[in-house]
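Undergrad: Turn this into a model:
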Amino acid sequence: MGLFDPKTFSVFLQIMTGIAVIVFFALFFVDAGYGIMYNKKWKVTVNNRLGWILMEAPVFVVMLLSWLFSDRKFEVVRLIFFLLFQCHYFQRSFIFPMLFKTKSRMPILIMLSGVTFNMMNGLMQGGWIFYVSPADLYTSNWLYSPQFIIGVIMFFIGMGINLHSDYIIRHLRKPGDHNHYLPKGGFYDYVTSANYFGELIEWLGWAILTWSWAGLVFFIWSFANLVPRANTIYKKYQKMFPEMENLKLKRVIPFIY
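TA: Numbers count the residues shown, from 1 in each chain. Okay, here's the model as predicted:
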């Protein structure tokens, strides 16, 4: 079965975890040059909207194919997992980029690294749910388990925070305005990267509701990518907005960091 042999899949998850640790520390020294951190030193770029779609869509496609070719695709719990995951990534891949208001650029290296990770993550999540997990693990009783109930609540709370925070960011500017503003409202009253906080809650919920190593590795990757970036944004905001000094904002986790 190749990658989906349980032993091979376990090694795959271990390798992905190790890479996540390296990425976590590396991103404290190297800025991922997209969005507010875009820098012209990244010479080869693509349109931000196109780059985002190309970067995010692979995980949607890989998960779709994992479901399509699986003999377990109509098992209720696995189907619910699939729909939750695809709901997030349909919005992230095809709706979110269409809402961009600026004509920013994305370094092609960032896009390609995102494509690579998203393909690997599609294999991790789809592989576990539809091929590697024990056949009798996700029975209908799973829907009444504490881990599913707690996890799905966290998933939707995180998604709500993420979507609301993105809405706030999009509406900071009026048409034709290219200035940056300190976001306020919602969880931006507590952290400078409320959208990332929401995403962390969402994927921690996913790890809990699936109760899987694959889900946990995805959360670790989310943490490794978003926390260093939140730190970079925080430091940039400190330089741009002196009033931050009095607001006592944290970076990404309210009251903690």
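Undergrad: so what does the lowest-mean-pLDDT helix or strand in the chain touch, helix or strand wise?
TA: Lowest on mean pLDDT, DSSP states H and E among the helices and strands of the chain sits strand 105-107, with a mean of 88. Contacts defined by 3 or more C-beta pairs under 8 Å, 6 or more residues apart in numbering; DSSP states H and E place strand 105-107 against strand 45-47, helix 48-68. The way it works is simple: take the backbone N, C-alpha and C, and place the C-beta from them, glycine included.
Undergrad: Figure out how far the helix or strand where Ala207 lies is from the centre of its chain.
TA: Using DSSP states H and E, Ala207 falls within helix 194-210. Here helix 194-210 shows a centroid-to-chain-centroid distance of 8 Å under the convention C-alpha atoms, centre = their mean, to the nearest Å.
Undergrad: now stretch 236-251
TA: How far stretch 236-251 lies from its chain's middle: 25 Å, per C-alpha atoms, centre = their mean.
Undergrad: Mind listing residues that contact that stretch?
TA: Outside of stretch 236-251, the residues within contact range by C-beta atoms under 8 Å, 6 or more residues apart in numbering are 36-37, 180, 182, 190-193, 227, 230-231, 233-234, 256-257.
Undergrad: Quick one: end-to-end length of it, please.
TA: End-to-end distance of stretch 236-251 (C-alpha to C-alpha, to the nearest Å): 11 Å.
Undergrad: Could you list the buried residues of that stretch?
TA: Residues of stretch 236-251 classed as buried by neighbour count (16 or more other C-beta atoms under 10 Å): 237, 249-251.
Undergrad: what does stretch 120-138 give?
TA: The neighbour-count check on stretch 120-138 (16+ other C-beta under 10 Å) flags 120-133, 138 as buried.
Undergrad: Which two among these are spaced furthest apart?
TA: Met120 and Tyr138 (22.3 Å; C-beta to C-beta).
Undergrad: wait, which of the buried residues of stretch 120-138 is closest to Trp206?
TA: Gln125 (8.3 Å).
Undergrad: so the closest one touches Phe218, yeah?
TA: Yes: taking contacts as C-beta atoms under 8 Å, Gln125 lies within contact range of Phe218: 6.5 Å.
Undergrad: contacting residues for the closest residue to Phe9 other than its chain neighbours?
TA: By the measure of C-beta to C-beta, 6 or more residues apart in numbering, the closest residue to Phe9 outside its immediate chain neighbours is Val132, 4.9 Å from it. Val132 sits next to 4, 6, 9, 214 when contact means C-beta under 8 Å, 6+ apart.
Undergrad: Mind checking the pLDDT average for the strand or helix carrying the last one?
TA: With the criterion set as DSSP H and E, the secondary-structure element containing Ala214 is helix 213-240. Computed over helix 213-240, the mean pLDDT rounds to 96.
Undergrad: Likewise for stretch 53-69?
TA: On average, the pLDDT along stretch 53-69 is 98.
Undergrad: residues in contact with that stretch?
TA: 46, 73, 82, 85-86, 89-90, 92-94, 96-97, 106, 110-111, 114-115, 118-119, 121-123, 125-127, 129-131.
Undergrad: Buried ones in it, by neighbour count?
TA: Buried, per 16+ other C-beta under 10 Å, within stretch 53-69: 53-60, 62-64, 66-67.
Undergrad: Same question for stretch 84-103.
TA: Buried residues in stretch 84-103, counted by 16+ other C-beta under 10 Å: 84-86, 88-93, 96-97.
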